[in-house]
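A.B. asks: next input, structure requested:
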Amino acid sequence: MAERTTEKTGDTAVIRLPVRIDSGNAAQAEQDVMARLTDDGIRSVVLDAEDAAYISSAGLRVILRVRKKYPDLRIVNVSPEIYEILETTGFTEMMKVEKAYRVVSVEGSEVIGEGFNGKVYRIDRDNVVKTYKNADALAEIRHEREVARLALILGVPTAISYDVVRVGDSYGSVFELLNARSFAKILAQEPERFDWCVSEYVGMLKKIHGIEVPAGKLPSIKEKTVKAVGRMKDSLPDGLGEKLLAMTEAVPESDHMIHGDYHTKNIVLVGDEVLVIDMDTLSVGHPLFELMHMYNAYVGYSENDPDVVLRFQGYGADVARRFWHDSLAAYLDTDDEARVREVEDKVRCLAYAYLIDWGIRHHAADDALLALWKERLIALLPGLDSLLF
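C.D. replies: This next block holds a predicted model:
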């Protein structure tokens, strides 16, 4: 190990392990490690196992002696073979051990899904990878795997990630989705299946909303929405912001499941089975909050620029608006246009409030677009006393 260089970041020393640590070199390896930890400023140690191919029981004892001096010891870039040794011997329960991640390129790959936090690419015939916008996405990946597993147990057909990989400067989750086609692609390429897509889409949505989630398993979407309305309310005149906030707070809590990003790129057909993907926004709440995000996916974001929905979903604004309308009517189980408009107006109130908050916080909308959303919201609010339906 003497030829390796110790790196130091703040009060953390990073030491690379050699290819092998066994009975023949364990004593020297330990001596080398301890010699590199004489700096009084070192408070924690990371052992980088990128080069390590084998470690014997003698090598494991070296790690234990390092951990005795530095209880926060962490081992990173661990190969599957070394990880199995550490897991079998209980080391993964005593200290943080991070696997090495294989590298996957998505250059030139087809985008089959897209959500708030990332994109889903097809990397080969059988597999897709979801990439994350956040460069440090491991916590997000763990969260999504946990909620996807919960959803599957509760009856939502979805895919569970079987591997975590590096994609560029971030991470990705790999899923097996054999020949999956998003509903967005079906609508773009097979317009004759429009009514079928609406029926399957709404059927799945009702299935999700019919699921009761055990207490504490998922966050409340109402809480997130109330915060958004609270942030933007002062941008509205004549007390309308306070009125909208009061109506939002009056929406009852619910323990029923909400997807949170339910649009045609996140619904896929695998063979003859419909699956829901992109589960990181899973929550509980009133369906109003689901419909709010659906409206924005099909109409709100593209209201002043029809090409926005074309770039995002792959089909035109006319198709998107018709899909939204027909899906809402089917969800409400009505052909009464007055009833559809009544519910849509309530949905639009929260949808515009969310867009205004999003546009202000992320500097993602120009003044003209923000003014349009405010104008629409201001026109709607005087005629409403409740958001419930």
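A.B. asks: residue ranges with poor pLDDT in the stretch 151-300 of the chain?
C.D. replies: The stretch 151-300 of the chain contains no residues with pLDDT under 70.
A.B. asks: which residue ranges of the chain form helices?
C.D. replies: 26-35, 57-69, 80-88, 91-94, 138-154, 183-189, 194-209, 221-232, 240-249, 287-298, 307-313, 317-332, 337-362, 367-380 (DSSP state H).
A.B. asks: tell me the most buried of the ones you listed?
C.D. replies: Using mean count of other C-beta atoms under 10 Å, the stretch among the helices of the chain with the largest mean neighbour count is helix 287-298, at a mean of 24. Every residue, glycine included, has its C-beta placed from N, CA and C.
A.B. asks: out of the helices of the chain, nearest to Asp272?
C.D. replies: Closest to Asp272 of the helices of the chain is helix 194-209 (C-beta to C-beta; 10.6 Å).
A.B. asks: how about the closest one as PDB, C-alpha atoms only?
C.D. replies: What follows is helix 194-209, C-alpha atoms only, in PDB (Å, rounded to 0.1, in the frame of the first residue of the first chain):
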ATOM      1  CA  PHE A 194     -56.900   7.400 -28.400                       C
ATOM      2  CA  ASP A 195     -60.100   6.200 -26.700                       C
ATOM      3  CA  TRP A 196     -58.300   3.000 -25.600                       C
ATOM      4  CA  CYS A 197     -55.500   5.100 -24.000                       C
ATOM      5  CA  VAL A 198     -58.100   7.300 -22.200                       C
ATOM      6  CA  SER A 199     -59.900   4.200 -20.800                       C
ATOM      7  CA  GLU A 200     -56.700   2.400 -19.600                       C
ATOM      8  CA  TYR A 201     -55.200   5.700 -18.300                       C
ATOM      9  CA  VAL A 202     -58.300   6.600 -16.200                       C
ATOM     10  CA  GLY A 203     -58.800   3.000 -15.100                       C
ATOM     11  CA  MET A 204     -55.300   2.900 -13.700                       C
ATOM     12  CA  LEU A 205     -55.800   6.300 -12.100                       C
ATOM     13  CA  LYS A 206     -58.900   5.200 -10.300                       C
ATOM     14  CA  LYS A 207     -57.100   2.100  -9.100                       C
ATOM     15  CA  ILE A 208     -54.300   4.200  -7.600                       C
ATOM     16  CA  HIS A 209     -56.800   6.600  -6.000                       C
END
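A.B. asks: any chance of JSON lines for the helices of the chain, columns distance to Arg20?
C.D. replies: Output for the helices of the chain, formatted as JSON lines (distance: least, C-beta to C-beta, whole Å):
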{"stretch": "helix 26-35", "distance to Arg20": "9"}
{"stretch": "helix 57-69", "distance to Arg20": "8"}
{"stretch": "helix 80-88", "distance to Arg20": "11"}
{"stretch": "helix 91-94", "distance to Arg20": "17"}
{"stretch": "helix 138-154", "distance to Arg20": "28"}
{"stretch": "helix 183-189", "distance to Arg20": "50"}
{"stretch": "helix 194-209", "distance to Arg20": "51"}
{"stretch": "helix 221-232", "distance to Arg20": "51"}
{"stretch": "helix 240-249", "distance to Arg20": "62"}
{"stretch": "helix 287-298", "distance to Arg20": "53"}
{"stretch": "helix 307-313", "distance to Arg20": "51"}
{"stretch": "helix 317-332", "distance to Arg20": "59"}
{"stretch": "helix 337-362", "distance to Arg20": "50"}
{"stretch": "helix 367-380", "distance to Arg20": "61"}
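A.B. asks: so which of those helices gets nearest Val165?
C.D. replies: For Val165, the closest of these is helix 138-154, at 10.0 Å, according to C-beta to C-beta.
A.B. asks: ok, residues contacting that closest one?
C.D. replies: If you take C-beta atoms under 8 Å, 6 or more residues apart in numbering as the criterion, helix 138-154 is touched by 117, 130, 132, 134, 158-161, 164, 171, 173, 211, 213, 217-218, 257, 276, 279-280, 282.
A.B. asks: could you redo the last one with a cut-off of 6 Å?
C.D. replies: Contacts of helix 138-154 from elsewhere in the structure, counted by C-beta atoms under 6 Å, 6 or more residues apart in numbering, are 132, 158, 160-161, 164, 171, 173, 211, 217, 279-280, 282.
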